[in-house]
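Model the following, please.
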Amino acid sequence: MSGKRVTVPEILAAKGNRKLAVMTAYDYASARIADEAGMDVLLVGDSLAMVVLGHDDTLSVTMDEMLHHTKAVARGTNHALVVGDMPFLSYQVSVSEAVRNAGRFLKEGRAQAVKIEGGRETAPQIRAMVDAGIPVMGHVGLRPQQVARLGGFKVQSKTAAEAAHLLEDARIVVEAGCFAVVLEAIPARVAQVVTRELPVPTIGIGAGRDCDGQVLVYHDVLGLFDRFTPRFVKNFAQLGTASREALARYAAEVREGRFPGPEHEFSIDDDEFKRFAG
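Numbering: from 1, shown residues only. Below is the predicted model:
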């Protein structure tokens with residue numbers, strides 16, 4: 001990919017013109033790979049709490065941890081727009097705290113935008129962030145940070161009333177200033193209507209093919225996370241299996257004395273060695 005960075009106006013301009021490929025990334029190595037593969041957007045998702053840090057949900061990850069990983073992703077990215085995912089309680093407490101924390105993602109993390117979960121209740125925060133010059137991606141439907149209230153990771157908007165509420169939430173966050181909206185775990189036909197009604201791109205995850213773009217978790221795409229596999233995930237490789245096999249071969253060769261071989265060793269001049277060893 002070229003070194004030209006994808007911008008927020010370019011994401012907006014993609015609406016109705018081309019599909020957007022979005023991927024999570026959590027460190028320098030994954031960011032470089034995903035960026036070179038041609039992603040439009042790299043989301044430093046709070047899902048790192050689960051796939052990187054081993055928590056049961058996304059609630060435990062902190063601002064400092066998110067910033068730590070965002071910095072690494074930014075260093076590994078030349079092309080994609082980097083979006084920092086604002087963690088639980090980093091934006092819900094007050095508008096001023098939300099703006100301050102969002103600003104840290106740009107100032108310290110070197111992201112180009114942030115993402116927050118929520119509908120109409122987050123409009124004041126979104127408006128204030130945008131007024132401060134911080135681009136915001138919205139997120140409606142299943143909100144992983146609400147898992148305690150929802151009683152688990154469940155499909156949302158399965159009734160007409162719930163779908164209408166979601167559509168209104170999406171409209172409100174766009175009116176507040178969001179340049180794109182993630183739609184997570186909602187019926188495909190509902191996502192189709194929301195996508196048609198919004199003037200900004202929708203990014204689907206478990207929301208069907210009619211969204212303006214798609215996002216998946218890096219570890220899910222590559223088969224690196226096997227604690228559970230949501231219905232909407234497609235494994236495009238099984239690198240977890242390949243990695244375990246490779247590491248088992250390494251361990252066996254070390255124990256059998258077959259690694260390292262002569263081709264992996266460095267030499268020293270014979271006379272120098274004699275002066276050293278006597």
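
Send me the worst-scoring helix or strand of the chain on mean pLDDT as PDB with only the CA atoms.
When each helix and strand of the chain is scored by mean pLDDT, DSSP states H and E, helix 147-150 comes last, with a mean of 76. C-alpha atoms of helix 147-150 as PDB (Å, rounded to 0.1, in the frame of the first residue of the first chain):
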ATOM      1  CA  VAL A 147     -23.100  -7.100  28.600                       C
ATOM      2  CA  ALA A 148     -24.000  -7.000  32.300                       C
ATOM      3  CA  ARG A 149     -27.300  -5.300  31.600                       C
ATOM      4  CA  LEU A 150     -28.100  -7.400  28.600                       C
END
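
can you list the residues that contact that helix?
The contact list for helix 147-150 (C-beta atoms under 8 Å, 6 or more residues apart in numbering) reads D57, T58, L59, L142, R143, F153. C-beta coordinates here come from the backbone N, C-alpha and C atoms, glycine included.

likewise stretch 174-181?
8, 11-12, 20, 113, 122-124, 126-127, 129-131, 135-140, 170, 173, 194, 198-203, 212-213.

Same check on stretch 20-27?
Counting by C-beta under 8 Å, 6+ apart, 11, 14, 31, 34-35, 37-45, 47-48, 51-52, 69, 72-73, 76-77, 180, 201, 203, 212-218, 221 sit against stretch 20-27.

Among these, name the buried ones.
Using 16 or more other C-beta atoms under 10 Å as the burial test, those include 11, 14, 31, 34-35, 39-45, 47-48, 51-52, 69, 72-73, 76-77, 180, 201, 203, 212-218, 221 as buried.

Now do the helix or strand where I33 lies: distance to the chain's middle.
Element membership of I33 [criterion: DSSP states H and E] is helix 28-36. In terms of C-alpha atoms, centre = their mean, to the nearest Å, the gap separating the centre of helix 28-36 from the centre of its chain is 12 Å.

Can you name every helix or strand that that helix contacts?
Counting contacts by 3 or more C-beta pairs under 8 Å, 6 or more residues apart in numbering; DSSP states H and E, helix 28-36 is packed against strand 41-44, helix 63-75.

before we move on, what SS does V215 have?
Following DSSP: H, G, I helix; E, B strand; the rest coil, the label given to V215 is strand.

what are the bridge partners for the closest residue to it other than its chain neighbours, then?
Closest residue to V215 apart from its sequence neighbours, by C-beta to C-beta, 6 or more residues apart in numbering: V22 at 3.8 Å. Note on V22: beta-bridge partners V41, V215, judged by DSSP bridges.

what's around V22, how many residues?
26 (other C-beta atoms under 10 Å).

And it, what's its pLDDT?
We have a pLDDT of 98 for V22.

Q238: which of the helices and strands packed on helix 28-36 is closest?
strand 41-44 (22.6 Å; C-beta to C-beta).

Tell me which other helices or strands the helix or strand just after the closest one touches.
Using DSSP H and E, the helix or strand that follows strand 41-44 towards the C-terminus is helix 48-51. Judged by 3+ C-beta pairs under 8 Å, 6+ apart, helix 48-51 is in contact with helix 63-75, helix 218-221.

Go through the longest one and flag the buried ones.
This points to helix 63-75. M63, E65, M66, L67, H68, H69, T70, K71, A72, V73, A74.

quick one: the nearest residue to the fourth one once chain neighbours are set aside from E65, how far?
Residue nearest to L67 in three dimensions, not counting chain neighbours: G109, with 4.9 Å by C-beta to C-beta, 6+ apart. Using C-beta to C-beta, to the nearest Å, one gets 11 Å for the distance from G109 to E65.
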